[in-house]
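Trainee: Got a sequence here, can you build the structure:
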Amino acid sequence: MTNGRIVDEIVASVETAHGELGKLERELQKEIDEIRISAARAGRSPNPEELMRLKELRAEKAEARQVLADLVFFNLIRLNESDEITELQRKMDGINSALRDDLEDLKRIERYAEIAAKVADALAKATEKLASLAAGSPIG
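Mentor: Residues are numbered from 1 along each chain as shown. The predicted structure follows:
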């Protein structure tokens with residue numbers, strides 16, 4: 001199986017599960033809404049049996065959400081361990097290493113440039129002094 005197909009299959013399985021869990025959550029919410037609307041239409045608060053059922057339905061919704069979170073986490077681990085992600089990480093590590101080397105080279109160049117600027121400044125001052133001496137000397 002190719003690396004891309006593995007990643008595609010993992011993503012597809014998460015999308016399918018997410019769709020199914022979303023459907024279940026909507027069905028649970030629909031039942032919750034029906035109980036609350038029924039009680040409201042009767043002009044009363046939910047009775048003890050309805051309250052118990054509402055509690056059960058909310059627990060089932062929370063469980064469905066937890067299953068989805070667990071599924072996503074499990075599949076993130078699978079993605080992280082896939083050959084494609086491992087190869088991508090290897091390439092990124094290589095790029096980062098090359099960038100670190102480039103940064104060190106640039107720092108060295110910067111140090112050399114600072115030294116060269118100091119030398120050029122010293123030469124310019126020496127040239128000024130020589131020019132000044134030459135202007136005041138009988139040779140010049």
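
Trainee: now the longest helix along the chain, how far from the centre of its chain.
Mentor: Longest helix of the chain, by residue count under DSSP state H: helix 83-136. Relative to its chain's centre, helix 83-136 lies at 33 Å (C-alpha atoms, centre = their mean, to the nearest Å).

Trainee: And stretch 30-40, by the same measure?
Mentor: 41 Å.

Trainee: in it, what counts as buried?
Mentor: Using 16 or more other C-beta atoms under 10 Å as the test for burial, stretch 30-40 gives Glu31, Ile32, Ile35, Ala39. From N, CA and C alone the C-beta is placed, and that goes for glycine too.

Trainee: The second one reaches Leu54, doesn't it?
Mentor: Yep, that's Ile32 we're talking about. Yes - taking C-beta atoms under 8 Å as the definition, Ile32 is a contact partner of Leu54 at 6.0 Å.

Trainee: quick one, what contacts Ile85?
Mentor: Val7, Leu79 (C-beta atoms under 8 Å, 6 or more residues apart in numbering).

Trainee: element containing the closest residue in space to Glu25 that isn't next to it in sequence, please.
Mentor: For Glu25, ignoring the flanking residues on the chain, the nearest one in space by C-beta to C-beta, 6 or more residues apart in numbering is Ala64 at 5.2 Å. Assessed by DSSP states H and E, Ala64 sits inside helix 48-80.

Trainee: try Arg44
Mentor: For Arg44, there is no host helix or strand (DSSP H and E).

Trainee: pLDDT at it, what is it?
Mentor: Here the pLDDT value assigned to Arg44 is 94.

Trainee: tell me the phi and psi of it?
Mentor: phi -140, psi 170 (degrees, to the nearest 10).
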